[in-house]
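[1] Please work out how this folds:
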Amino acid sequence: MLEQVKALTTEYDMFPRGGKVLCAVSGGADSMCLLHLAWSMAEAGGFQVAAAHYHHGMRGEAADADAAFVETFCKERNIPCVVERGDVYGQAQRLGLGVEETGRRLRYEFLRRAAEELGCNRIATAHNADDNLETLLLHLVRGAGLHGLAGIPPRRGEIVRPLLTTSRADIEAYLEEHRLSHVEDCTNADESYARNRIRRQVVPVLRQLNPRLTESAAETMGYLRADNDYLNAQAAAACAQARWAEDDLVIEARYIAQLPAAIAPRAARRMLEMMGDGNTDCSAAHLKAIVDLAAGEDPSAVAFLPHGRLVQRVYKDLLFTTQSE
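    Take a look at the predicted model:
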């Protein structure tokens with residue numbers, strides 16, 4: 001397992017020498033394995049480790065105990081640790097989103113703040129190979145293009161996933177070998193969550209058909225990721241024609257309209273990434289609306305996007321901007 005993690009972290013420069021890595025730690029098995037592994041590798045690897053725990057404001061005293069457990073673990077090993085409490089239920093109502101999606105957003109916002117506060121240039125999350133399999137199946141059930149079927153990327157910017165090629169069984173064996181405690185989240189058994197139903201009902205049946213299901217899925221996602229990366233590179237090349245007009249991003253509509261159907265939506269996504277922090281938060285329908293705008297003949301049509309963004313056709317140009325008050 002250790003050699004597997006070393007190979008992945010080296011390939012994607014996850015633990016840079018002279019850098020500082022912030023580990024997202026819930027207190028569960030996966031994240032405790034991640035934190036202990038990173039901490040064990042830090043001295044030889046020439047990097048530092050810190051931890052961050054997000055208290056979702058859910059599960060009452062159990063969540064309080066999780067936060068205390070993580071803080072104690074870090075204190076015993078002199079690992080800098082930041083804990084923040086949020087209100088996922090309240091924020092979900094305000095945003096009109098599901099609890100899972102809201103929790104994910106708030107957690108990543110917190111991790112980026114904590115990384116800046118502690119001077120970390122990598123944020124490591126504990127997604128493992130089984131998580132990646134479940135993500136593939138969820139995307140397949142809900143409907144997805146190549147981007148979704150390629151699974152969880154090992155690295156996206158400063159976000160890295162050192163355990164992505166490690167199975168849950170290997171993680172549990174690591175914890176047992178090093179006599180490491182962890183906490184159990186009772187919501188992991190709640191089958192009202194789609195991911196839990198996939199994990200507890202679907203995966204066992206598929207594993208009967210193929211005992212190497214996790215490994216086979218990882219190989220497939222690797223092939224799909226390579227194809228996806230190539231198509232994204234073609235889209236990025238087309239977007240090199242874009243230019244800034246003060247705070248707005250502008251590109252001639254023809255540069256997107258003339259692209260093949262497999263690349264045009266990717267160019268639309270790339271333009272949105274260029275506007276902000278790389279998070280597009282747009283559905284396939286939004287991307288299609290942008291492509292239709294580029295290929296259409298209305299010289300002043302508009303496509304409205306989430307979070308106050310919009311794309312406006314201004315004669316031969318597409319203008320990517322944000323709505324004014």
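[2] Could I get the full set of strands for the stretch 151-300 of the chain?
    For the stretch 151-300 of the chain, applying DSSP state E, counting those that start in this stretch gives strands covering 155-156, 159-160, 243-245, 248-252.
[3] Tabulate those (CSV), appending distance to Ser283, mean pLDDT and mean neighbour count.
    From N, CA and C alone the C-beta is placed, and that goes for glycine too. Converted to CSV, the strands of the stretch 151-300 of the chain look like this (distance: least, Cβ to Cβ, whole Å; pLDDT from 0 to 100; neighbours: other Cβ atoms under 10 Å):
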stretch, distance to Ser283, mean pLDDT, mean neighbour count
strand 155-156, 19, 92, 15
strand 159-160, 21, 96, 22
strand 243-245, 26, 92, 10
strand 248-252, 20, 94, 18
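[4] Ala65 falls within a helix, correct?
    Yes: applying DSSP: H, G, I helix; E, B strand; the rest coil, one finds Ala65 inside a helix.
[5] who touches it in this structure?
    For Ala65, the contact set (Cβ atoms under 8 Å, 6 or more residues apart in numbering) comprises Val183.
[6] Looking at the strands of the stretch 151-300 of the chain, which is nearest to Val49?
    strand 159-160 (12.6 Å; Cβ to Cβ).
[7] partners of that closest one in the sheet?
    strand 122-124 (parallel), strand 155-156 (antiparallel) (DSSP bridges).
[8] can you put those strands in JSON lines and add distance to Ala295?
    As requested, the strands paired with strand 159-160 are arranged in JSON lines below (distance: least, Cβ to Cβ, whole Å):
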{"stretch": "strand 122-124", "distance to Ala295": "38"}
{"stretch": "strand 155-156", "distance to Ala295": "29"}
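[9] So for Tyr12, which of the ones you listed sits nearest?
    Closest approach to Tyr12 among the strands paired with strand 159-160 is made by strand 155-156 (4.3 Å; Cβ to Cβ).
[10] to the chain's geometric centre, what's the distance from the closest one?
    8 Å (Cα atoms, centre = their mean, to the nearest Å).
[11] which residues sit against it?
    Counting by Cβ under 8 Å, 6+ apart, 12-14, 161, 278 sit against strand 155-156.
[12] Give the buried residues for the longest helix along the chain.
    With secondary structure taken from DSSP state H, the chain has its longest helix at helix 213-239. Buried residues in helix 213-239, counting neighbours by 16 or more other Cβ atoms under 10 Å, are found at 213-214, 217-218, 221, 224-225, 228, 231-232, 235, 238-239.
[13] picking that back up, tell me which of the strands paired with strand 159-160 lies nearest to Glu273.
    Of all the strands paired with strand 159-160, strand 155-156 comes closest under Cβ to Cβ, at 10.7 Å.
[14] Can you tell me the number of residues neighbouring the closest residue to Arg199 other than its chain neighbours?
    Nearest residue to Arg199, sequence neighbours excluded (Cβ to Cβ, 6 or more residues apart in numbering): Glu134, at 5.7 Å. A count of neighbours around Glu134, defined by other Cβ atoms under 10 Å, yields 24.
[15] Contacts only, for Pro80.
    So Pro80 contacts 50-51, 74, 118 (Cβ under 8 Å, 6+ apart).
[16] Check what pLDDT it gets.
    On pLDDT, Pro80 comes in at 95.
[17] That'll do, ta.
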